[in-house]
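1. Following is a predicted model, sequence given first.
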Amino acid sequence: MLSNDLREAHIKAFDFTIVILNRTYIFISRHNPKLHRSKSKSLNKRMLKSILQGISVFLIPVFFIKVLYIKKKYSKIDFKGSASSHRIRFDQTSKSFVFFAPIDWGYRVQRPQNLAAYLAKKGYDVFYINPTIYPRNKSVGEVEVEKIDGVSVCTIYSNSRTNAFYIGTASAEIHLIDTFAMLIENLLTTKSYSSTKMVVQQPGWWPYIKGLVGNQVVFDCMDYHEGFKEIGKAIRENEDNLDQSSDTIVVSSQHLLARKLISCGSKSFLVRNGVNLQLFRNTRPLPAQKQIVIGYFGAVAEWFDVDLVAHIAKTNPLYKIEIIGAVTSNINIEKLQDCINVFFMGEIDNVLLPKKIVDWTAGLIPFKVTELISATNPVKMYEYAAAGIPIVSTAIPEVAMVAASVNGIFASSTYSDFNLNLSKAIAMNSFERQDLVRWSENQSWSARVVQFESATNSSPKVSIIVLMWNHGLLTLRCLKSIYERSDYSNIEIIVIDNNSDQTEADIVTTWLESMPRGIFSYTRNSENLGFASGNNVGIRLATGEYIVILNNDTEVTPGWIWRSLKHFYRNPELGLLGPSTNNCGNEARITLRKGQDNWLDEVVPRFNFRESRLIDVHTVAFFCVFIPKRVIEEVGLISEDYGRGYFEDDDYCRRVENLGLKVAIARDIFVYHQMGASFDLMANSEKKQLFEMNKQVFESKWGKWVPHTYSIDADQ
C-alpha cells in the first residue's frame, strides 16, 4: 500500500475532480436556459459534448498534479536505512516480472535475456537485475535502471565491497542482504505498482531475495549447479532453500525435471530453451564454397571437449574450424592452438552472430557429457537449426532425444561417430537444411514464453472464509483488504452471514454486487449459528487446497498469502498456521510501536521484508488461521460443542497435534485484529458465563486447560 499522505492526495484529487464536474454542469445549465424544458436530442447531445469537454479540460491538470506528487515523493531508488514506500497490489494478477539473472544483460544472449525480452513484448513490466554488484561509496544499496528492448535493466551499486563481485560465486554480503529486499521494493514502487513474479535464475540470489517471499517466487532452473567447479557449498544450500520456498519451479531439460519432481513435486514444470527466429532464421540456399567451414559459438569453458575438437581438426585438415566465444581461465586450449585449421574468433555481439556463421556447413556442440551437461538443453541447437546449419553434437540427452526424430541433428557417442556424423551433416543439401529451419519455427522464444506464462500461473487455490454477524462496515474493511492486498489470483472469498440485521448485511452485499464475479460468494444463515457452525458452513462450500478462517474484524497485509504458502512448502509437517497480530491472547501478539492509526505503514517495513520465521506453539487463535484441506479431511470440521464461541480453536489445535502435526505462528506475517467485535455486542456477564461453560466442555475432552502466554521476543 501507499503511505497515508499519498492516499490522502488521491482522495483530495478525486474530491477536486467531483467539484469541478459539478461546477461544469452548473455552468452549462446556467448558460443553456432551455436545458431543463427542451426535449431536443440535438441539444442534449450538445450538452453531453460540453460536459465531456469540461471533464477533459479539468481532469488533465488533476492527473498531472497526482503524477508530479508521486514522482516527487517516490522517485528515489536507493536505500539508506528504511523502506520509503510499498506497492499497492490491487490487481490480483501479476503484471510485472523481476528477473534475478545469472548473467549480466550485456553478456552473451541466452535464456535469461530472451525470456525477459519476449515477456516485455507481450506487455509486461520486466525488470532484469544484473548479478554483478559494483562498488560505490554513496550508499549501502543503489539501483541504476536503463531501458533496453523494453526491459528495465538494473545494475546494483553498493559500498559493501571495494571491488565488483558476482552473486553466483561470491559469499553473501551481510550489509547488502539486510537492505536488498527493501531496495527492490522501492524500485518496484517507483516503476510499477502491480503484483510481481520474482524469477530467480541463480541460487546465489537466495540470501538477497529471501526477504521478498511475500511475492510469487519462480525458480527458473537451467543448470545442474553442483556440476560447476566454482560453485561452493553455500550455493548448493541456497538451491535447497529455493527449491523449498519457490511457488513454482521451471526447468529447461528433462534431466532437471526428473530431479525436481523427486525433491519438489508437482510445482515443477518443463520449459525448454528456444530461438530468436527473427535474428537467426535463414531461408537462403547454401552458397558454393571453396573450403568447408564448420564452427562453434558459445563459452569455451570446462565442459568444452578440447581433445575432441583437436581430433576433428587433425582428421579433417581441409576443414576450417571457427570458434566464436570467450575462453575461460579454467580450460587449457594449447592443443587447439597447435592446429593450423582452428581459428579463435573471440566474443561476437549476438546481433552480428548470424552473419558470421552464414557460411558454416555444420555447427558443433563438442561438450563432455558430464552430469552438468546431461542437464543442459543447448540454446545453440535451436539457433543452428534456425540458421539452416546441421548440428553435430556429443550424446547430450536433450540433443539425442531430438536427433532421434529430426533429420540434420546428430548425437555422437564416440570420436569416430562424431566424425561420421560430421560427414553426413556436410553432405546435406539446401532442401534438407530447410527442414531444420521449419523444425526451429516451433521452438521460438515466443512459444516458450507462452509455456512459461502457463507454468507460472499455476498456484494452489486458497479459500478464505469471512464470518460476519452485524458490523457491516468492519466486514467491508476486512473484505477490501483481502481484495486489495492479497495479489493472489487463485482465491475464493466466502462470506458467511450469521443472520445479521438487514441494514448491516446490505452494506456488504451492495459492495459485493459491484465486485468481479467468481471471486466472492455470499451465504446468509437463517439464524446466528455461532463461530464454529458458521465457519463450518464456509468450509463445506470451500473448494481450495488451503482454507483460511478469517475474522471480520481483521485486515490483512500485502503478500500475506504468498508468505503463508511458503511456510507449508518448507514445513510439510505443519498443520495449522497463524499470523502475528496486535491483538491476541497468546504468542501471536506483538506490540505496535507507532500506535493503531498508522499500523500499516509500520508493519509493512517491519514484517514484510523478513525471511521466513516460525514460532512453534500449542495453540493458534482462529481470528486468522491457514489450514491445508488435507488436514481438514483428516481432522474434520470445527467442533460445534462450544456454541457461540470460545475454546473451539484450542480444541482444534489439540486434534491437529494428535495427528503428529505442528501448530505454529509466523513472525513474518502480520494481520491487524480489532478483536472481539462480535463478542463486544454481548454483555460482559453473558461472555463470562459462555467462557466458563465452554472451558468445562474443553476440559472434559482434553484435561485441565492451560492459559495462553505471550512470547518474549524482540517484537514485544
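-> All right, it came through fine. Treat the numbers as computed from the prediction; the structure is a model and nothing was measured. Numbering: from 1, shown residues only.
2. Could you use CA atoms for every contact and neighbour count after this?
-> OK.
3. Where do the helices of the stretch 351-500 of the chain begin and end?
-> 353-356, 371-374, 379-386, 397-403, 415-426, 430-440, 445-456, 472-485 (DSSP state H, counting those that start in this stretch).
4. how about those helices, which one is nearest Ala117?
-> For the helices of the stretch 351-500 of the chain, the distance to Ala117 is smallest for helix 445-456, at 9.4 Å, taking CA to CA.
5. export that closest one as PDB, just CAs?
-> Output in PDB follows, covering the C-alpha atoms of helix 445-456 (Å, rounded to 0.1, in the frame of the first residue of the first chain):
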ATOM      1  CA  TRP A 445      11.100 -17.900 -27.700                       C
ATOM      2  CA  SER A 446       7.600 -16.600 -28.400                       C
ATOM      3  CA  ALA A 447       6.200 -20.100 -27.900                       C
ATOM      4  CA  ARG A 448       8.400 -20.700 -24.900                       C
ATOM      5  CA  VAL A 449       7.100 -17.600 -23.200                       C
ATOM      6  CA  VAL A 450       3.600 -18.800 -23.600                       C
ATOM      7  CA  GLN A 451       4.600 -22.000 -21.800                       C
ATOM      8  CA  PHE A 452       6.500 -20.000 -19.200                       C
ATOM      9  CA  GLU A 453       3.300 -17.900 -18.500                       C
ATOM     10  CA  SER A 454       1.200 -21.000 -18.200                       C
ATOM     11  CA  ALA A 455       3.700 -22.600 -15.700                       C
ATOM     12  CA  THR A 456       4.000 -19.500 -13.600                       C
END
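6. Which elements pack onto it?
-> Judged by 3 or more CA pairs under 8 Å, 6 or more residues apart in numbering; DSSP states H and E, the packing partners of helix 445-456 are helix 111-121, strand 248-251.
7. tell me the angle of it relative to helix 111-121?
-> Counting by axes from the mean of the first three to the mean of the last three CA atoms, to 10 degrees, helix 445-456 lies at 90 degrees to helix 111-121.
8. residues of helix 445-456 that come out buried?
-> 445-446, 448-449, 451-452, 455-456 (16 or more other CA atoms under 10 Å).
9. now, among the residues you listed, which is nearest to His175?
-> Thr456 (31.4 Å).
10. where's the spatially closest residue to that closest one that is not a sequence neighbour relative to Ser454, distance?
-> Nearest non-adjacent residue to Thr456, counting by CA to CA, 6 or more residues apart in numbering: Thr248, 6.2 Å away. Separation of Thr248 from Ser454 (CA to CA, to the nearest Å): 11 Å.
11. Same check on Ile389?
-> Applying CA to CA, the value for Ile389 to Ser454 is 31 Å.
12. before we move on, what about Gly538?
-> 30 Å.
13. same thing with Asn608?
-> 27 Å.
14. same thing with Asn470?
-> Asn470 is 41 Å from Ser454, by CA to CA.
15. One more: Asn215?
-> Counting by CA to CA - Asn215 and Ser454 are separated by 17 Å.
16. Ok, Ser533 next?
-> From Ser533 to Ser454 the distance is 38 Å (CA to CA).
17. same check, this time on Leu188
-> 23 Å.
18. now do Gln216
-> Distance from Gln216 to Ser454, counting by CA to CA: 14 Å.
19. Same check on Thr619?
-> In terms of CA to CA, Thr619 sits 38 Å off from Ser454.
20. Kindly report the same for Ile235.
-> 28 Å.
21. Render the CA-only coordinates of stretch 367-375 in CSV, please.
-> Below are the C-alpha coordinates for stretch 367-375, written out as CSV (Å, rounded to 0.1, in the frame of the first residue of the first chain):
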residue,chain,number,x,y,z
PHE,A,367,30.7,-31.0,-24.9
LYS,A,368,31.9,-33.5,-22.4
VAL,A,369,28.8,-35.4,-21.3
THR,A,370,29.1,-34.8,-17.5
GLU,A,371,26.1,-34.6,-15.2
LEU,A,372,26.3,-30.8,-15.7
ILE,A,373,26.0,-31.2,-19.5
SER,A,374,23.4,-34.1,-19.2
ALA,A,375,21.1,-31.5,-17.5
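22. now for the helix or strand hosting Ala666, which elements pack on it?
-> Using DSSP states H and E, Ala666 sits in strand 662-670. Secondary-structure packing of strand 662-670 (3+ CA pairs under 8 Å, 6+ apart): helix 560-570, strand 574-580, helix 599-607, strand 614-617, helix 648-658.
23. residue ranges with poor pLDDT in this structure?
-> 1-94, 170, 193, 230, 232, 283-289, 645, 676-683 (pLDDT under 70).
24. tell me the domain boundaries of it?
-> Per the record, the chain has its domains at 4-75, 96-270, 285-441, 459-702, by automatic domain parsing.
25. isn't Ala386 right next to Glu441, touching?
-> Yes - contact status for Ala386 versus Glu441: in contact at 7.3 Å, counting by CA atoms under 8 Å.
26. Common neighbours of these two, please.
-> Residues touching both Ala386 and Glu441 by CA atoms under 8 Å, 6 or more residues apart in numbering: Leu277.
27. ok, these two, which is more surrounded?
-> More neighbours surround Ala386 than the other of Ala386 and Glu441, with 31 against 18 (other CA atoms under 10 Å).
28. Enumerate every residue touching the more buried one.
-> Neighbours of Ala386 in contact, by CA under 8 Å, 6+ apart: 275, 277, 280-282, 436-441.
29. ok, of these, which one's closest to Val625?
-> Val275 (46.2 Å).
30. Contacts only, for the closest residue to that closest one other than its chain neighbours.
-> Excluding the flanking residues, the one nearest Val275 by CA to CA, 6+ apart is Ser444, at 4.8 Å. By CA under 8 Å, 6+ apart, the residues touching Ser444 are 274-277.
31. sorry, back to before: how about the domains of the chain, which one is nearest Ser711?
-> Across the domains of the chain, closest to Ser711 is domain 459-702 (CA to CA), at 4.5 Å.
32. And Val98, which helix or strand is it part of?
-> Going by DSSP H and E, Val98 is part of strand 96-100.
33. For that strand, which outside residues touch it?
-> With CA under 8 Å, 6+ apart as the test, strand 96-100 has contacts from 112, 116, 124-131, 192, 194-202, 205.
34. before we move on, the earlier item: turn the helices and strands packed on helix 445-456 into TSV, including mean neighbour count and distance to Asn583.
-> Listed next are the helices and strands packed on helix 445-456 as TSV, based on neighbours: other CA atoms under 10 Å; distance: least, CA to CA, whole Å:
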stretch	mean neighbour count	distance to Asn583
helix 111-121	21	43
strand 248-251	26	34
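35. Format the ones you listed as a markdown table; extra columns: distance to Ala164.
-> Output for those, formatted as a markdown table (distance: least, CA to CA, whole Å):
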| stretch | distance to Ala164 |
| --- | --- |
| helix 111-121 | 21 |
| strand 248-251 | 29 |
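36. Pretty sure Ala172 sits against Ile209.
-> No - the criterion here is CA under 8 Å, and Ala172 misses it with Ile209 at 11.4 Å.
37. These two - which one has more neighbours?
-> Taking neighbours as other CA under 10 Å, Ala172 and Ile209 compare with Ile209 leading, 22 against 19.
38. Identify the residues contacting the more buried one.
-> Contacts of Ile209 (CA under 8 Å, 6+ apart): 180-181.
39. helix or strand for it, which one?
-> Assigned by DSSP H and E, Ile209 falls in helix 206-209.
40. how about that helix as PDB, C-alpha atoms only?
-> Presented in PDB, the C-alpha positions along helix 206-209 are these (Å, rounded to 0.1, in the frame of the first residue of the first chain):
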ATOM      1  CA  TRP A 206      18.700 -16.600  -2.400                       C
ATOM      2  CA  PRO A 207      20.300 -14.700   0.600                       C
ATOM      3  CA  TYR A 208      19.300 -11.400  -1.100                       C
ATOM      4  CA  ILE A 209      15.700 -12.200  -2.100                       C
END
